[in-house]
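> Prediction below, plus the sequence it came from.
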Amino acid sequence: VGFWILMFCLVGGLLSFIPNFNVDMNLAQNLAAPLYAVAMTLALIQLFHQYFNGNPPSKIAKSAGAAAYTVYIIHPVVYNVW
C-alpha cells in the first residue's frame with residue numbers, strides 16, 4: 001500500500017493535482033524500490049502460506065524440504081572448494 005501511496009503523491013506532485021505539494025524526486029525514487037520489495041515479499045509469504053502449506057505435506061513437499069536441508073548442510077563445503 002505504501003508503494004502506491006508514494007506513486008500517487010509523486011504523480012500528484014508532478015502533474016500539480018495536489019496544490020502546493022512538492023515531492024523530492026530523488027527521495028521518491030529511492031523509497032519506491034524498498035517499499036515495493038517489502039510489499040511483494042509479504043504478498044509472496046501470504047500466498048505460499050495460504051496455498052502451498054498443506055497439512056500433512058505432500059510427497060513433493062517432503063522431498064523438497066529434505067533437499068533444502070541437505071543443501072543447507074553441504075553448502076559450506078561447496079563454497080570452500082570453489
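Sure thing, it's come through. Not measured: the values here are computed from a predicted model.
> What segments of this structure are helices?
2-15, 25-51, 59-81 (DSSP state H).
> Return the set of buried residues in the second one.
Think helix 25-51. Within helix 25-51, the residues that qualify as buried are Ala28, Leu35, counting by 16 or more other Cβ atoms under 10 Å. Quick note: C-beta positions are derived from backbone N, CA and C, even for glycine.
> Show me what it is packed against.
Counting contacts by 3 or more Cβ pairs under 8 Å, 6 or more residues apart in numbering; DSSP states H and E, helix 25-51 is packed against helix 2-15.
> lowest-confidence stretch among the helices of the chain?
With a mean of 70, helix 2-15 has the lowest mean pLDDT of those.
> Identify the residues contacting the residue nearest the centre of the chain.
Central residue of the chain (Cα atoms, centre = their mean): Thr41, 2.6 Å from the mean position. Not one residue lies near Thr41 by Cβ atoms under 8 Å, 6 or more residues apart in numbering.
> can you check Pro56 too?
Counted by Cβ under 8 Å, 6+ apart, Pro56 has zero contacts.
> where's it relative to Val71, distance?
Here the distance between Pro56 and Val71 works out to 23 Å (Cβ to Cβ, to the nearest Å).
> again with Ser58
Counting by Cβ to Cβ, the gap from Ser58 to Val71 is 20 Å.
> do the same with Asn55
24 Å.
> Comparing the two, which residue is more hemmed in?
Val71 (10 against 4; other Cβ atoms under 10 Å).
> Endpoints of stretch 51-70, how far apart?
End-to-end distance for stretch 51-70, by Cα to Cα, to the nearest Å: 25 Å.
> Enumerate every residue touching Ala28.
With Cβ under 8 Å, 6+ apart, Ala28 has these contacts: Leu6, Cys9, Leu10.
> so which of those comes closest to Leu31?
Leu31 has its nearest neighbour among the contacts of Ala28 in Leu6, at 5.9 Å by Cβ to Cβ.
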